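# Compute the structure for the input listed below.
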Amino acid sequence: MSTHADLPRWNRSLPDDNSMHKSKAGFALKNMKRRRGRDDESYAQPRQMAEFPRNKLKSIQERRIKKARTPSISGQALPVARLVEVMDYDQLRNVLEVVMAQHPEVALTIQKSAPKPSTEVTIELIKHKFAEISGHLPYKCDVESDYSYIRVKPYLTEFLNCISDFILNLLPPMESVFATSCSILNTITTLIHDLPNFSNNEYQYTREIAYQQLANLWLILLSRNHNDEDAEDKASQASLEQTLEWLKTVESMKLPEQMEKHNEQSNGKFTAVVDYIRNELGEHAPLNNSCSPGAVAPAGSIFNDLITVDYLNYSIATNTSR
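Modelled structure (predicted):
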């Protein structure tokens with residue numbers, strides 16, 4: 001019987017068929033275990049999800065739905081009424097100017113809705129514009145020099161524009177109270193006198209034109225009760241009331257003396273206004289004397305005619321029914 005020692009040397013180092021089969025089987029078994037481990041890991045997550053409690057999963061889903069349904073809160077601009085409350089005068093004026101520039105139709109609405117400025121507020125604003133001129137004059141320089149004029153020219157232009165706007169608002173039919181118009185126009189005329197007498201030719205020309213326009217406006221204002229009236233209308237009640245108002249205002253404001261002063265300070269620019277007031281006072285002298293306190297109406301005056309008329313039988317109803 002042959003033994004392992006009897007085998008050749010080269011044959012002794014080679015394994016037999018049984019050992020090779022066993023090694024292959026072991027290698028295949030290791031590969032199968034490795035694949036099974038990978039498969040177990042791949043199925044681990046679905047298995048864990050299946051084993052996750054349903055109530056916890058449901059609460060998480062509901063929480064996500066509630067979070068999605070909650071409306072988001074974002075910032076909002078302040079209401080216009082609140083913005084107006086917190087803005088100062090300059091800010092509000094700038095906003096209105098921008099709005100009117102972009103929407104011109106808004107200006108008409110503002111003109112209709114805004115209250116009428118009072119006499120005191122108007123005069124205060126005009127004086128404030130004038131004070132801006134005086135406040136910006138140089139200290140160490142001749143007040144009448146060209147440098148002084150150039151320095152205050154923007155404020156002078158603003159002052160002239162301001163009085164131009166108010167002057168046009170004083171004339172009928174915008175202003176119906178004669179005394180109010182005279183008071184504001186008298187203030188404007190006085191401030192024109194008080195302007196520095198700059199030597200600049202441009203300013204001298206502007207001041208000359210301003211005096212001419214003011215004189216014309218005084219004539220228009222003083223003659224508004226006598227322009228379009230016929231001789232028959234002058235005896236009417238409405239015309240009489242206007243004439244009385246004119247006389248009382250001229251007397252209370254001392255317009256004859258005021259116009260004399262304006263004419264003197266402007267080197268004769270208001271001569272026509274002074275002459276007109278004198279002529280009107282002379283024409284209405286009997287009526288003016290009857291209006292004075294304690295005066296008795298002279299014979300043949302218009303007051304006697306009004307008093308002697310019997311109004312007992314007069315009524316609107318009887319006249320309109322005829």
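
# Could I get the full set of strands for the stretch 51-200 of the chain?
In the stretch 51-200 of the chain, no strands are defined using DSSP state E, counting those that start in this stretch.

# remind me which residues of the stretch 151-300 of the chain are low pLDDT?
225-238, 286-300 (pLDDT under 70).

# in it, which spans are helices?
When assigned using DSSP state H, counting those that start in this stretch, the helices of the stretch 151-300 of the chain occupy the ranges 178-194, 201-222, 237-252, 255-265, 271-283, 285-291.

# Just the CA trace of the longest one, in CSV.
These are the backbone C-alpha positions of helix 201-222, laid out as CSV (Å, rounded to 0.1, in the frame of the first residue of the first chain):
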residue,chain,number,x,y,z
ASN,A,201,-31.0,148.3,-10.9
GLU,A,202,-33.0,145.1,-11.0
TYR,A,203,-34.4,145.7,-7.6
GLN,A,204,-35.2,149.3,-8.3
TYR,A,205,-37.2,148.3,-11.4
THR,A,206,-39.0,145.6,-9.4
ARG,A,207,-39.9,148.0,-6.6
GLU,A,208,-41.2,150.5,-9.2
ILE,A,209,-43.5,147.9,-10.7
ALA,A,210,-44.7,146.9,-7.2
TYR,A,211,-45.7,150.4,-6.4
GLN,A,212,-47.6,150.7,-9.7
GLN,A,213,-49.5,147.5,-9.1
LEU,A,214,-50.3,148.4,-5.5
ALA,A,215,-51.7,151.8,-6.6
ASN,A,216,-53.9,150.1,-9.2
LEU,A,217,-55.1,147.6,-6.7
TRP,A,218,-56.1,150.3,-4.3
LEU,A,219,-58.1,152.0,-7.0
ILE,A,220,-59.8,148.7,-7.9
LEU,A,221,-60.6,148.0,-4.3
LEU,A,222,-61.8,151.5,-3.4
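
# Tell me which other helices or strands that helix touches.
The criterion is 3 or more Cβ pairs under 8 Å, 6 or more residues apart in numbering; DSSP states H and E, and the helices and strands that helix 201-222 contacts are helix 146-170, helix 178-194, helix 271-283. Where C-beta positions appear, they are placed from N, C-alpha and C, glycine not excepted.

# correct me, but residue 223 touches residue 273?
No. Contact criterion Cβ atoms under 8 Å: residue 223 and residue 273 do not qualify, at 10.0 Å.

# Of these two, give the one with the bigger neighbour count.
residue 273 (25 against 12; other Cβ atoms under 10 Å).

# Might you report the residue contacts of that one?
215, 218, 219, 222, 259, 262, 263 (Cβ atoms under 8 Å, 6 or more residues apart in numbering).

# Now do it against residue 90, distance only.
Using Cβ to Cβ, to the nearest Å, residue 273 is found at 39 Å from residue 90.

# Could you do residue 190 as well?
On the measure of Cβ to Cβ, residue 190 and residue 90 end up 28 Å apart.

# Equivalent analysis for residue 188, please.
When residue 188 is compared with residue 90 (using Cβ to Cβ), they lie 25 Å apart.

# quick one on the thing from earlier: mind checking which of residue 190 and residue 90 has more residues around it?
The neighbour comparison of residue 190 against residue 90 (other Cβ under 10 Å) goes to residue 190, with 14 against 8.

# Not including adjacent chain positions, what is the nearest residue to the more buried one?
residue 262 (7.8 Å; Cβ to Cβ, 6 or more residues apart in numbering).

# Count the residues that sit near that neighbour.
Neighbour number of residue 262 under other Cβ under 10 Å is 23.

# so which of the contacts of residue 273 would you say is closest to residue 176?
residue 222 (15.3 Å; Cβ to Cβ).

# Contacts only, for that closest one.
246, 273, 276, 277, 280.

# quick one on the thing from earlier: quick one, which of the helices of the stretch 151-300 of the chain is nearest to residue 148?
helix 201-222 (10.1 Å).

# Same question for the closest one: list its buried residues.
203, 206, 207, 210, 211, 214, 215, 217, 218, 219, 221, 222 (16 or more other Cβ atoms under 10 Å).

# And the residues you listed, which two are furthest apart?
203 and 222 (28.4 Å).

# and the gap between the residue nearest to residue 206 when sequence neighbours are not counted and residue 240?
Once flanking residues are discounted, residue 206 sits nearest to residue 160: 7.3 Å by Cβ to Cβ, 6+ apart. From residue 160 across to residue 240, the span is 38 Å (Cβ to Cβ).
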